[in-house]
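Peer 1: Next one to model:
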Amino acid sequence: GLRLALAFSALLLMAQIALGGWVSTNYAVLACDSFPACQGSYWPDMAFAEGFEFWRPLGHTALGELLSFQALTAIHYVHRLFAYAVIACMLGLVWLLQRYPLRTESRAMLGLVTLQFLTGLSNVVLGWPMPAAILHTGGAAAMTVLIVLAWQRTRFQPFLNVAA
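Peer 2: Presented below is the predicted three-dimensional model:
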C-alpha cells in the first residue's frame with residue numbers, strides 16, 4: 001500500500017509540476033491576484049481550449065496573437081485547483097509515512113506541503129516576488145526528491161512493520 005501511495009503521489013506531483021511550468025512559461029501567474037477566489041469569483045471566465053493548446057508559441061495563440069486573459073486565467077486556475085488535490089494527496093502520504101518507520105520523511109513532507117502552500121499563496125497575493133517563486137520551484141523539486149528517497153527506503157526494507 002505504501003509503495004502504491006508513493007507512486008500515485010509521484011505521478012500527481014509530476015502533473016502538478018508540469019502545470020506549474022505551463023503557468024510560468026505562459027506568464028499566467030498574475031491572472032489571479034486573490035485567494036481563494038480568482039478575480040472575485042470561484043469560477044472566473046476561462047478559455048481552456050486556448051490556454052491548453054500545446055502546439056503554439058508560448059504566450060501566443062497558434063495564429064501568433066497574445067493569449068487572451070481568459071486563457072491565462074484557465075492556465076493559472078487549473079494549476080490552483082490541481083494543487084488542492086496534490087495537497088490532499090500529500091497530507092494522506094504524510095499520515096501513511098507516519099505509520100511506517102518513515103517519520104522523518106513524514107515530517108519533511110508536511111513541512112514541504114506547508115512551504116508550497118505559503119509560497120504559492122504569496123506568489124498570488126504579493127504579485128509574484130522572485131524569492132517566493134524560487135522557493136516554490138525548489139519546494140516542488142524537494143518534494144520529488146523526498147518521494148524518491150521514501151520509495152528507495154521501502155525498496156530495501158520490504159518488511160516494514162506498521163506502527164501500532
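Peer 1: so who does residue 47 touch?
Peer 2: Applying Cβ atoms under 8 Å, 6 or more residues apart in numbering, we find residue 47 in contact with 68, 70-71, 73-74. No exception for glycine: its C-beta is placed from N, CA and C like everyone else's.
Peer 1: With neighbour count, secondary structure and pLDDT added, can I get those in CSV?
Peer 2: Output for the contacts of residue 47, formatted as CSV (neighbours: other Cβ atoms under 10 Å; DSSP: H, G, I helix; E, B strand; the rest coil; pLDDT from 0 to 100):
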residue, neighbour count, secondary structure, pLDDT
68, 15, coil, 95
70, 16, helix, 97
71, 23, helix, 96
73, 23, helix, 97
74, 23, helix, 98
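Peer 1: List just the nearest of those to residue 82.
Peer 2: Nearest to residue 82 among the contacts of residue 47, counting by Cβ to Cβ, is residue 74 at 12.2 Å.
Peer 1: Verify the contact between that closest one and residue 51 for me.
Peer 2: Yes - because the distance of 3.9 Å satisfies Cβ atoms under 8 Å, residue 74 is recorded as touching residue 51.
Peer 1: Dihedrals phi and psi, residue 66?
Peer 2: Dihedral angles of residue 66 (phi, psi; degrees, to the nearest 10) stand at phi -70, psi 150.
Peer 1: now this structure, which segments are flagged as low pLDDT?
Peer 2: Residues of the chain that meet the criterion pLDDT under 70 lie in 156-164.
Peer 1: how does it look with 90?
Peer 2: 1, 27, 29-30, 54-65, 100-101, 123-129, 153-164 (pLDDT under 90).
Peer 1: hang on, the earlier thing: tell me the one of the contacts of residue 47 nearest residue 126?
Peer 2: Nearest to residue 126 among the contacts of residue 47 is residue 73, at 18.7 Å by Cβ to Cβ.
Peer 1: residue boundaries of the helices in the protein?
Peer 2: With DSSP state H as the criterion, the chain has helices at 2-25, 48-51, 69-99, 103-125, 130-156.
Peer 1: Relative to residue 80, how far out is residue 117?
Peer 2: Note on residue 117: its distance to residue 80, by Cβ to Cβ, to the nearest Å, is 11 Å.
Peer 1: and if you look at residue 125?
Peer 2: Counting by Cβ to Cβ - residue 125 and residue 80 are separated by 12 Å.
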